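# build the 3D model from these lines:
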Amino acid sequence: MPSVLPNFLQGSPPRSPHVERNNAFASYFNTNSNTNSPVSSTYPHHTRQSPSISGRNSITGIRPTRRDILLCLLTLSFSYLLFSSPSTSESIPIKPHSQLQKSSSSYSSKSSLSSKYKFPDWLFPASSSSSSSSSASHSSSSGHYGSGIGEVTFGESVKPCGFGNDAEDTTEFIPALKDGKPWDEGEEELEDDELESSVTILKAHSPGWTVMEKLYIYNGSFYAVVDDGSAWPELRMMTSTGLPANSEPGNSEAREPKGDEIIFISPFEAMKLWGPRVWKMDGMSFLFNDGQFIDHYYHFAAELLLGAWRAYSSYDEHGTAKGETALPPPQRIWFLHQNIKEWRDKPKFNPTILYALFPSVSILYPEDWADFKNQTISSKPKAFMLERALLADRSAAFRGEWTGPTARTVASALHVGSTTRWWWEPIRRQVLRYSGLSELVINRNLEGHGAIDPVNLVGPGVDVVEPLAPQGTYQPVITYISRQSSRRRLTKESHEDLVKALEERAKKLGWELIIVEAEKMSKEDQFALAGRTTIMLGVHGNGLSHLLWMPPTPRSAVIEMFFKGGFARDYQWTAHALGIRHFAVQHDVSFTAPNLPKVDYPEGFQGTSITVVGKVVADLIEDRLAGRV
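Okay, the predicted model is just below:
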């Protein structure tokens with residue numbers, strides 16, 4: 001029987017032609033040999049006298065060369081890799097959430113085989129940076145968790161994934177027989193596993209924020225393939241016509257869904273309609289059915305993006321304080337009502353943030369929606385299936401219990417499923433890394449409690465939430481975002497009084513005081529400054545949106561200055577949702593939750609006559625840093 005070993009392991013291994021020098025290994029094994037042998041005559045130094053063993057004068061010597069030793073080591077290593085048991089090391093990618101795995105058995109078996117064995121760490125040690133990078137980005141191009149490149153081929157990615165195997169025109173589709181009876185004769189409940197595996201899944205929902213799996217696109221509508229559509233939320237709590245909200249008569253009724261936005265059909269109906277002609281769009285899709293305010297930095301970043309990421313984070317309840325998450329980035333963002341220009345704000349913060357976070361994302365627009373509609377209603381009806389989808393709808397959010405009282409659509413998103421209190425860290429950290437901020441500064445968030453409303457951390461019966469790191473010894477950074485070149489600003493006298501009070505107190509207590517006009521800085525510098533800031537203050541305005549990038553610590557705060565009698569909840573709600581204390585100041589009076597003034601926009605709210613007492617603000621900062629408020 002021929003040997004199964006490779007040729008280089010059979011017989012005598014080749015000898016090195018060079019002269020070997022003596023070494024400890026050789027001297028231990030060298031024995032007396034026949035001096036008439038070719039080896040001894042050619043290389044006489046290889047022959048040594050050796051004491052007799054077991055009564056014999058000499059034995060054949062073992063004379064390993066360096067090549068012998070190297071070959072032996074390589075053989076042992078190869079054998080270890082080939083025959084060792086499956087590794088349980090943490091370096092193998094683990095699928096952290098069952099809902100994010102492929103449903104097909106072929107994917108599961110392929111994935112398990114590809115990750116069954118691994119190279120030992122001692123042979124190919126991985127640096128901490130590379131391992132952390134791989135753990136954060138071990139999804140393949142399809143958005144799944146696995147071995148990465150090559151996991152899904154082109155052919156697999158465009159393979160039909162529809163209902164049934166009949167490739168012919170399903171407009172005359174005849175269902176398979178079961179016991180001589182077609183499925184549509186009273187036995188529709190007996191659809192096979194293939195049909196059941198293609199049903200639409202409601203993963204999580206809160207008014208205006210709906211996370212679904214296997215959502216279909218056909219004829220200009222979304223289709224949910226379900227056995228019982230009545231088990232889903234009311235349509236108006238998920239979607240709307242997408243029209244902007246205003247006070248015109250009939251506007252509220254015009255924003256109510258018409259019924260064709262999401263259509264529910266059974267798996268059997270889907271099989272008759274599309275058959276196998278369904279084409280999968282891999283990964284997560286953010287669907288923005290938002291009719292207004294998207295072209296504004298605060299509303300885009302602190303409402304739409306903040307809410308979308310929070311809803312998406314319901315897939316990962318184990319994200320860490322250092323921003324480590326099992327979530328792959330969304331593969332596409334679809335603006336269902338805005339064209340290529342209408343989602344970009346004038347200063348261009350929106351595209352800067354979007355591409356800093358998701359450089360590989362695809363962006364689609366209403367024109368693309370029209371293209372998909374036309375393709376699906378061709379001579380052979382077909383559908384496109386979104387593997388995972390988040391539908392965000394502003395009007396639907398306002399119909400819920402959380403957005404109405406706060407006027408924040410994102411308030412409803414905080415109730416989509418459950419997640420870690422560090423859910424915002426992947427986004428915050430990526431923006432700051434993109435802006436060049438050091439990890440040492442970024443890690444200041446470890447002093448805090450994560451995205452927990454600071455009001456909920458005080459009072460009787462509150463669970464003690466310990467920070468991960470003690471308070472740092474760095475100078476607290478006080479950033480005053482001046483709006484003196486803007487249409488909404490302090491009076492000249494109030495501005496000068498505030499600056500004087502801040503400078504005197506900073507010199508006395510050792511603060512690092514930074515006074516900036518944000519519009520004169522690059523976007524990256526503005527982000528980085530926010531990442532260093534302990535307390536941010538300014539007149540109500542867009543510059544305070546940068547609180548998104550602040551580290552939430554027990555000393556962090558936002559101080560917002562208002563016209564007398566005026567108050568808005570934009571930045572107050574956002575700060576507290578992210579674990580940062582917020583204070584509102586009206587001239588010489590300060591407020592914080594839960595004791596807030598009523599929302600009001602009196603005449604002068606948007607003007608140039610806003611006043612403040614500098615000492616009141618300086619005292620507030622001192623008390624906050626000392627932990628008194």
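# wait, what's in contact with the residue lying closest to residue 347 once chain neighbours are set aside?
Excluding the flanking residues, the one nearest residue 347 by Cβ to Cβ, 6 or more residues apart in numbering is residue 297, at 6.8 Å. (Glycine included, C-beta is placed from N, CA and C.) For residue 297, the contact set (Cβ atoms under 8 Å, 6 or more residues apart in numbering) comprises 345, 347, 349-350, 542, 545.
# could you redo the last one with a cut-off of 10 Å?
345-350, 352-353, 523, 542-543, 545-546, 548 (Cβ atoms under 10 Å, 6 or more residues apart in numbering).
# from the residues you listed, which land in strands?
Within the contacts of residue 297, no residue falls in strands by DSSP state E.
# tell me, how many residues neighbour the spatially closest residue to residue 482 that is not a sequence neighbour?
Counting by Cβ to Cβ, 6+ apart, residue 517 is the residue found nearest to residue 482 once chain neighbours are left out, at 5.2 Å. Using other Cβ atoms under 10 Å, residue 517 has 13 other residues around it.
# for residue 516, phi and psi?
When read as degrees, to the nearest 10, the backbone of residue 516 gives phi -140, psi 150.
# quick check: it touching residue 477?
No. Look at residue 516 against residue 477 with Cβ atoms under 10 Å: they stay out of range, at 11.6 Å.
# the more surrounded of the two?
When neighbours are counted by other Cβ under 10 Å, residue 516 and residue 477 differ, and residue 477 comes out ahead with 20 against 16.
# mind checking how far the closest residue to residue 369 other than its chain neighbours is from residue 316?
Leaving aside its chain neighbours, residue 369 sits nearest to residue 336 (6.3 Å; criterion: Cβ to Cβ, 6+ apart). From residue 336 over to residue 316 the distance is 26 Å, taken as Cβ to Cβ, to the nearest Å.
# likewise residue 477?
Residue 477 is 31 Å from residue 316, by Cβ to Cβ.
# how about residue 515?
39 Å.
# give me the more crowded residue out of those two.
More crowded of residue 515 and residue 316, by other Cβ under 10 Å: residue 316, with 18 against 14.
# correct me, but the more buried one touches residue 310?
No. Counting by Cβ under 10 Å, residue 316 stays clear of residue 310, with 11.3 Å between them.
# OK, contacts around the residue lying closest to residue 420 once chain neighbours are set aside?
Distances taken as Cβ to Cβ, 6+ apart put residue 319 closest to residue 420, at 4.4 Å, once the chain neighbours are dropped. The contact partners of residue 319, taken as Cβ under 10 Å, 6+ apart, are 96, 313, 325-327, 419-426, 450.
# picking up where we left off before, now do the contacts for the residue nearest to residue 369.
Contacts of residue 336 (Cβ under 10 Å, 6+ apart): 239, 242, 261, 287-291, 364-366, 368-369, 391-393.
# next one: residue 351
Here residue 351 is in contact with 300, 343-345, 363 (criterion: Cβ under 10 Å, 6+ apart).
# turn those residues into CSV, columns for pLDDT, distance to residue 373 and neighbour count.
Formatted as CSV, these follow (pLDDT from 0 to 100; distance: Cβ to Cβ, whole Å; neighbours: other Cβ atoms under 10 Å):
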residue, pLDDT, distance to residue 373, neighbour count
300, 97, 26, 24
343, 96, 21, 22
344, 96, 25, 17
345, 96, 29, 19
363, 98, 18, 16
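# quick check, nearest of the residues you listed to residue 443?
residue 300 (27.1 Å; Cβ to Cβ).
# just to revisit the earlier point, got any residues that touch both of residue 316 and residue 310?
419, 423.
# re the thing from before, which among the contacts of residue 319 end up buried?
Taking 16 or more other Cβ atoms under 10 Å as the criterion, what is buried in the contacts of residue 319 is 96, 313, 325-327, 419-426, 450.
# from those residues, which is closest to residue 537?
Among those, and counting by Cβ to Cβ, the member closest to residue 537 is residue 424, at 21.7 Å.
# quick one, phi psi at the closest one?
Torsion angles at residue 424 (phi, psi; degrees, to the nearest 10) stand at phi -80, psi -10.
# so what's it up against?
306, 309-310, 313, 319, 323, 445, 450-451, 548-549, 552, 577-579.
# what distance do you get for it to residue 308?
12 Å.
# ok, residue 538 next?
For residue 538, the distance to residue 308 (Cβ to Cβ) stands at 26 Å.
# neighbouring strands of the helix or strand hosting residue 389 in the sheet, and parallel or not?
For residue 389, the host element (DSSP states H and E) is strand 383-392. Here strand 383-392 is paired, per DSSP bridges, with strand 209-218 (antiparallel), strand 278-288 (parallel).
# tell me the helix or strand right after it.
Past strand 383-392, the next helix or strand by DSSP H and E is helix 394-398.
# now do whichever helix or strand comes after that following helix: which elements does it pack against?
Downstream of helix 394-398, the next assigned helix or strand under DSSP H and E is helix 403-406. Judged by 3 or more Cβ pairs under 10 Å, 6 or more residues apart in numbering; DSSP states H and E, helix 403-406 is in contact with helix 394-398, helix 410-413, helix 570-577.
# check what pLDDT residue 464 gets.
If you check residue 464, the pLDDT there is 72.
# same check on residue 75?
pLDDT at residue 75 comes out at 81.
# okay, now it: neighbour count?
Counted with other Cβ under 10 Å, residues neighbouring residue 75 total 15.
# next, give phi and psi for it.
The phi and psi values for residue 75, taken as degrees, to the nearest 10, are phi -60, psi -40.
# residue 562 now?
Dihedral angles for residue 562 - degrees, to the nearest 10 - are phi -120, psi 160.
# quick one: contacts for the nearest residue in space to it that is not next to it in sequence?
Once flanking residues are discounted, residue 562 sits nearest to residue 586: 5.2 Å by Cβ to Cβ, 6+ apart. Counting by Cβ under 10 Å, 6+ apart, residue 586 touches 560-567, 597, 610-612, 616.
# next: residue 423.
Contacts of residue 423 by Cβ under 10 Å, 6+ apart are 306, 309-314, 316-317, 319, 323, 325, 327, 414, 450-451, 578.
# could you rerun that using 7 Å?
310, 313, 319, 451 (Cβ atoms under 7 Å, 6 or more residues apart in numbering).
# close enough to count as contact, the last one and residue 576?
No. With contact defined as Cβ atoms under 7 Å, residue 451 does not count as touching residue 576 (9.6 Å).
# the strands in the stretch 501-629 of the chain, which residues?
In order along the chain, the stretch 501-629 of the chain carries the following strands (DSSP state E, counting those that start in this stretch): 512-516, 535-539, 557-562, 581-586, 589-591.
# hmm, residue 395 is touching residue 240, no?
Yes. Counting by Cβ under 7 Å, residue 240 is a contact partner of residue 395 at 3.8 Å.
# what do the two both touch?
Common neighbours of residue 395 and residue 240 (Cβ under 7 Å, 6+ apart) are residue 255.
# in this structure, where is pLDDT below threshold?
Counting by pLDDT under 70, the chain has low-confidence residues at 1-63, 81-150, 165-194.
# in space, what's closest to the spatially most central residue of the chain - neighbours in sequence excluded?
Centroid-nearest residue in the chain, with Cα atoms, centre = their mean: residue 327, separated by 4.5 Å. Spatial nearest neighbour of residue 327, chain neighbours left out: residue 316 (5.1 Å); criterion: Cβ to Cβ, 6+ apart.
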